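Trainee: just coords:
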């Protein structure tokens with residue numbers, strides 16, 4: 001009978017450890033360790049120990065306008081991808097970073113509607129700040 005209690009205690013402790021583990025798993029397959037920051041309209045900024053996953057934001061833009069995008073990324077390992085996608089799911093602009101970099105780009109809008117700014121981490125460590133608006 002004592003063996004049943006020992007097994008139950010071990011199972012209980014394992015469940016507690018799993019619940020308190022510092023990994024923040026967002027969507028299926030995502031890993032976020034030490035993930036801190038914010039995602040508000042026109043501005044996404046996070047720092048992290050490990051980030052494998054996706055953060056995204058949206059903006060309304062009309063044909064003939066430009067999307068002004070600024071980024072500042074610290075990449076200690078892995079790869080960080082930043083993409084801008086139009087309403088028809090066409091890639092307007094992209095950069096893949098495996099080292100720290102900052103930049104400013106003007107992206108011509110070819111189709112009116114909701115555009116997405118997508119930031120994807122691939123086992124990366126560091127942080128990023130991405131800001132955007134139409135001009």
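Mentor: The structure has been received and is ready for your questions. The shown structure was predicted, so the numbers you read here are calculated from the model rather than taken from an experiment.

Trainee: Tell me if I'm right that residue 117 and residue 133 touch.
Mentor: No: between residue 117 and residue 133 there is no contact under Cβ atoms under 8 Å: 10.7 Å. All C-beta atoms are positioned from the backbone trio N, CA, C, and that covers glycine.

Trainee: Compare these two and say which is more crowded by neighbours.
Mentor: Higher neighbour count among residue 117 and residue 133: residue 117, with 24 against 15, using other Cβ atoms under 10 Å.

Trainee: Which residue, other than its chain neighbours, is closest to the more buried one?
Mentor: Nearest residue to residue 117, sequence neighbours excluded (Cβ to Cβ, 6 or more residues apart in numbering): residue 57, at 4.8 Å.

Trainee: which strand is the longest one in the chain?
Mentor: strand 113-134 (DSSP state E).

Trainee: Which strands border it, and is each parallel or antiparallel?
Mentor: strand 43-61 (antiparallel), strand 66-85 (antiparallel) (DSSP bridges).

Trainee: Before I go, just wanted to say thanks for your time.
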